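Asker: coordinates for the following, if possible.
(2 chains)
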Amino acid sequence: MEATYLETVKPGTKAYEEVMGLLLENGIRMDDAVQKTFGYFSDDQLIGTASTCENTIRSIAVKKTHQGSNALAEMLNEIILVLYDAGFQNQFIYTKCLYADTFKHLGFFEIERVEPDVVLLERQPNGIRNFAHYLESFRVIGDAIGAIVMNANPFTLGHQYLIETAAAQCDFLYIFVVTAEHSAFKHEDRYKMIVDGTVHIKNVMVIHGGQYIISDATFPNYFLKHASDATRVQAVLDLKIFSKYFAAALKINRRFIGEEPYCQTTSAYNEAMKVILPEAGIEVIEIPRRMVDDTWISASRVRNLLKENDLDGVRELVPETTLIFLKSPKGRQTIGRIKRSTSRH
Amino acid sequence: MQLNKPATSGTMDSCDISIRIENNTGTENEVFLSSIVEKQYGKQIVALIHEVLKKHQIKGVTVNAVDRGALDCTIKARLESAIYRGLGKEHALDWSVIDHE
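Answerer: Next up is the predicted model:
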């Protein structure tokens, strides 16, 4: 009997070149956001590959000679076990629409698709429906219900201004905090800074964004510097999920965004938003950025100032509540991390 | 009774079944099955899964089963190992329940 096994494949190795060849053969790209690549071998020959980014499985291919056999199921099963062992309760598959049925037959459930480029499936049969029910528990009565999705890395006067301005135009405003941990400030700290910085606004609720909004599953390229075609597709996917589940559960009918003069990826997201959301009856309202002394306030500027140890500069750009956090042990720890890091986020 | 933790058993190899079992938010058991013999035996497999859960007094779980043509005895054994793992009792099997037909 043939011996089959799954192995991690590192860039730069011969096996990795074979993986790239296998993807090419099947017309599949190596996803931009991939963190780990696996090869599936039979008698030391590569017969399949798949890669992961956190709890998502992407760039999956099986050698043509093994398609139609049970190889895909066996490989997928191994990867699922690796992810369960890593502590991921739910898992996602990001693939072309054409392969949706293949994965539905292997115990995955469709969340949403963007024809013909991409479909997102999840392992938990009721994952997104349970999340929608959880959201419904926060529903309030009102005509104008707004939403903002925010990373707040860290929370600045600009964010505060955006929330104040948006809240003034709504009966109620939901703030979804990006949960994915690709930013200098941890999710729980970003969440706390937003809550602390908005206590004075009565009609606002801050909610953990979770797995279904700007996450590794819906929009991993959000955390990459350059916008590619894949970035635009992911932006559309993310927005369709927002309309179908978030907006439907909470009756959201307007989404607020900050004007984005800097980041290519965020501005691609904002542009997609102006097309996709109005189709679902959600008005997109762009709020001009707030300026301090003729310069824009931005979280990346705050991070740069922190890097340069310019606390006086930071004080001009963040609310008192964020300053208190920055001076706390956790805040100082994060500043230390920023000083050592070279990443954009 | 619900589980202490989600659990997995089995594989997606031919003639096997892969089981994932997790608590749900309700009090009923929910079974999701995809099988290569769904048309012929789908209802029977789902009924068997419900029956085994009931026998072990499990309530309020969701089962995600991917069947690749497993026999009933395999399905039962895989599901029971998943249940025991989920209860954290894989080293303290209750043979009186397992053997009982």
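
Asker: quick one, domains of chain A?
Answerer: A:4-93, A:129-340 (automatic domain parsing).

Asker: TSV for those domains, including mean neighbour count and distance to residue B:79?
Answerer: Bear in mind the C-beta positions are built from the backbone N, C-alpha and C, glycine included. Converted to TSV, the domains of chain A look like this (neighbours: other C-beta atoms under 10 Å in any protein chain shown; distance: least, C-beta to C-beta, whole Å):
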stretch	mean neighbour count	distance to residue B:79
domain A:4-93	18	16
domain A:129-340	18	23
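
Asker: residue numbers of chain B in contact with chain A?
Answerer: Residues of chain B lying close to chain A (C-beta under 8 Å from any C-beta of the partner chain) are B:6, B:8, B:11-14, B:18, B:20, B:22, B:24-25, B:30, B:32, B:34, B:36, B:62, B:64-66, B:68.

Asker: again, only using 10 Å
Answerer: B:5-8, B:10-16, B:18-20, B:22, B:24-26, B:30-36, B:38, B:62-69 (C-beta under 10 Å from any C-beta of the partner chain).

Asker: just checking: what are the partner strands of the host helix or strand of residue A:284?
Answerer: Element membership for residue A:284 (DSSP states H and E) is strand A:283-287. If you go by DSSP bridges, strand A:283-287 pairs up with strand A:254-258 (parallel).

Asker: how far off centre is the partner strand?
Answerer: When C-alpha coordinates are averaged (C-alpha atoms, centre = their mean, to the nearest Å), strand A:254-258 and its chain have centres 17 Å apart.

Asker: taking the centroid of chain B, which residue is nearest it?
Answerer: residue B:79 (3.0 Å; C-alpha atoms, centre = their mean).

Asker: touching, it and residue B:19? I think so.
Answerer: Yes. The pair residue B:79 / residue B:19 is scored as a contact, 5.5 Å apart, by C-beta atoms under 10 Å.

Asker: for the domains of chain A, give me JSON lines that also has distance to residue A:102 and mean pLDDT.
Answerer: Formatted as JSON lines, those follow (distance: least, C-beta to C-beta, whole Å; pLDDT from 0 to 100):
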{"stretch": "domain A:4-93", "distance to residue A:102": "7", "mean pLDDT": "94"}
{"stretch": "domain A:129-340", "distance to residue A:102": "19", "mean pLDDT": "93"}
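
Asker: which of the residues of chain B next to chain A are buried? Put it as a ChimeraX command.
Answerer: Buried subset of the residues of chain B next to chain A, written as a ChimeraX selection, criterion 16 or more other C-beta atoms under 10 Å in any protein chain shown:
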select /B:6,7,8,10,11,12,13,16,18,19,20,22,24,31,32,33,34,35,36,62,63,64,65,66,67,68
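
Asker: circling back: for residue A:121, which of the domains of chain A is the nearest?
Answerer: Residue A:121 sits nearest to domain A:4-93 of all those, at 4.6 Å, using C-beta to C-beta.

Asker: what's the first-to-last distance across the closest one?
Answerer: The first and final residues of domain A:4-93 sit 22 Å from each other (C-alpha to C-alpha, to the nearest Å).

Asker: wait, does it contact chain B?
Answerer: Yes. Applying C-beta under 10 Å from any C-beta, one finds domain A:4-93 touching chain B at A:4, A:69-70, A:72-78, A:80-81, A:84-85, A:89-91.

Asker: just give me the residue closest to the centre of chain A.
Answerer: Closest residue to the average C-alpha location of chain A: residue A:215 at 2.1 Å, with C-alpha atoms, centre = their mean.

Asker: who does the top strand by length along chain A touch, helix- and strand-wise?
Answerer: With DSSP state E setting the assignment, residue counts place strand A:45-53 as the longest strand in chain A. Applying 3 or more C-beta pairs under 10 Å, 6 or more residues apart in numbering or on different chains; DSSP states H and E, one finds that strand A:45-53 contacts strand A:4-9, helix A:14-25, strand A:36-42, strand A:56-62, helix A:71-85, strand A:92-95.

Asker: and the first one, how far out from the chain's middle?
Answerer: The chain centroid and the centroid of strand A:4-9 are separated by 28 Å under C-alpha atoms, centre = their mean.

Asker: mind checking how far stretch A:248-256 is from the chain centre?
Answerer: 19 Å.

Asker: ok, stretch A:114-123 next?
Answerer: Put simply, stretch A:114-123 sits 15 Å off its chain's centre (C-alpha atoms, centre = their mean).

Asker: stretch B:73-82 now?
Answerer: That offset, for stretch B:73-82, works out to 6 Å (C-alpha atoms, centre = their mean).

Asker: what sits up against it?
Answerer: B:3, B:6-11, B:15-21, B:31, B:33, B:35, B:41, B:44-45, B:48-49, B:51-53, B:55-56, B:58, B:61, B:63, B:65, B:67, B:70-71, B:90, B:93-94, B:97-98 (C-beta atoms under 10 Å, 6 or more residues apart in numbering or on different chains).
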